[in-house]
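> Here's a sequence, model it:
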Amino acid sequence: MPTDAISGAHDAFIAADVGGTHVRIGLVRGSHDPGEPVRMLEYRKYACADHAGLGDIVADFLAGLGSTRVTRAVIASAGYALEDGTVITNNLPWRLSLAELRAQLGFDDVRLVNDFEAVAHAAAQMGASEVLQLTGPAIAPKHGPTLILGPGTGLGAAVWIPSGKRAVVLATEAGQAALTAGNALEMALLAEMLKTRTHVPVEQALSGPGLMNLHAALCAVRGAAPPSYTHPGQITAAAQSGDDALARESLEVFCGLLGSVVGDMALLYGVQGGVYLAGGILPKIRDVLIDSHFVSRFLNKGSMREALERIPVKLVEHGQLGVIGAARWYLDRDEGN
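Next up is the predicted model:
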């Protein structure tokens with residue numbers, strides 16, 4: 001660990017952003033003042049599939065810190081926490097239990113926060129150099145609820161609601177809401193997906209695996225050979241290189257559906273303060289997103305178009321957002337220091 005990090009590590013803690021594909025973990029410290037930035041002392045990224053559980057990942061990270069003693073952690077993850085400390089989640093390859101993690105690592109305190117609730121605590125603090133404006137004014141005309149949403153292994157969403165000195169964040173399971181179609185092609189794709197399940201949630205199309213689903217459904221609708229891709233990154237690469245017209249069309253459908261869903265959520269949650277798009281996929285397809293029908297579909301809400309035109313929509317490009325947000329959430333609630 002660098003010398004400057006060691007000097008402040010005595011009150012540091014672990015903050016981890018646990019996704020279905022990767023775990024991003026940091027040793028962090030910060031002030032209880034919400035205006036003060038979180039300081040990242042150490043940071044690593046792990047592949048979930050390479051480890052038997054989160055405890056093993058955290059233990060490996062701690063081993064790299066040498067003699068630094070850490071006894072506290074905050075875990076940002078999608079899912080629903082049960083009273084026994086386990087978490088119901090669709091996208092992790094192994095069981096997640098806070099009680100087991102605390103016992104395995106000998107920690108005094110381990111807390112859980114919804115992953116997009118964590119992102120919400122960090123997104124509004126991003127500087128202008130870390131966001132890409134997609135539509136709307138640079139600054140929202142009204143100070144109100146802000147939507148943070150993004151596709152990754154699943155689709156997460158949270159709403160940041162101003163309330164005095166500290167905001168209230170509403171964690172949601174918006175990715176499990178029913179997917180709706182906005183044109184004939186999307187209706188055909190939805191019908192194709194309904195052949196294998198009775199409920200098609202939003203994240204069945206708007207996620208990494210969702211892009212795979214969209215591409216498979218599009219091949220079926222177009223009468224093309226079954227897809228040979230085994231990873232969504234292969235589809236985005238083929239789409240951006242121009243090597244595969246169906247891959248490009250799949251990505252364009254993805255962006256159009258995303259715009260429609262984001263517009264729906266902005267109306268459902270009464271968003272006035274802006275929309276921040278995060279997640280692991282969008283920064284990788286930013287050029288396609290900019291040239292897509294995302295904005296037109298976002299605004300295509302009938303008489304509500306004028307209201308949506310007043311909402312800034314920005315792409316957040318900070319790679320450590322979930323870790324920083326989890327740390328900020330923890331500091332806002334920690335009463336032990």
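
> Give me the neighbour count for residue 153.
Neighbouring residues of residue 153 were enumerated by other Cβ atoms under 10 Å; the total is 23. (Glycine included, C-beta is placed from N, CA and C.)

> Phi first, then psi, for the residue lying closest to it once chain neighbours are set aside.
Using Cβ to Cβ, 6 or more residues apart in numbering and skipping residues adjacent in sequence, the residue nearest residue 153 is residue 20, 2.9 Å away. Reported as degrees, to the nearest 10, the phi and psi values for residue 20 are phi -70, psi -20.

> how close does residue 20 get to residue 45?
In this structure, residue 20 lies at 14 Å from residue 45, with Cβ to Cβ, to the nearest Å as the measure.

> go on, residue 229?
Summarising the geometry, the distance separating residue 229 from residue 45, computed by Cβ to Cβ, is 24 Å.

> more neighbours, these two?
residue 229 (18 against 13).

> In the stretch 1-150 of the chain, what residue spans correspond to helices?
According to DSSP state H, counting those that start in this stretch, the stretch 1-150 of the chain carries its helices in the segments 3-7, 54-63, 98-105, 115-123.

> Could you export those helices as a markdown table, including mean neighbour count and mean pLDDT?
Written out in a markdown table, the entries for the helices of the stretch 1-150 of the chain read as follows (neighbours: other Cβ atoms under 10 Å; pLDDT from 0 to 100):
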| stretch | mean neighbour count | mean pLDDT |
| --- | --- | --- |
| helix 3-7 | 11 | 41 |
| helix 54-63 | 18 | 94 |
| helix 98-105 | 16 | 91 |
| helix 115-123 | 29 | 83 |
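
> can you list these in TSV and add distance to residue 234?
As requested, these are exported to TSV (distance: least, Cβ to Cβ, whole Å):
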stretch	distance to residue 234
helix 3-7	38
helix 54-63	26
helix 98-105	34
helix 115-123	25
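
> what's around the residue nearest to residue 153, how many residues?
When counting by other Cβ under 10 Å, one arrives at 21 neighbours for residue 20.

> Now do the same contact list for it.
Contact criterion Cβ atoms under 8 Å, 6 or more residues apart in numbering gives 48, 78, 90, 91, 92, 93, 152, 153, 154 as the residues in contact with residue 20.

> Widest-spaced pair of those?
Based on Cβ to Cβ, the longest span within these runs between 93 and 152 and measures 14.4 Å.

> So between these two, which is more surrounded?
Per other Cβ under 10 Å, whichever of residue 93 and residue 152 has more neighbours is residue 152, with 25 against 12.

> Now that one: phi and psi?
Per-residue torsions, residue 152: phi -140, psi -120 (degrees, to the nearest 10).

> Good, we can wrap up now.
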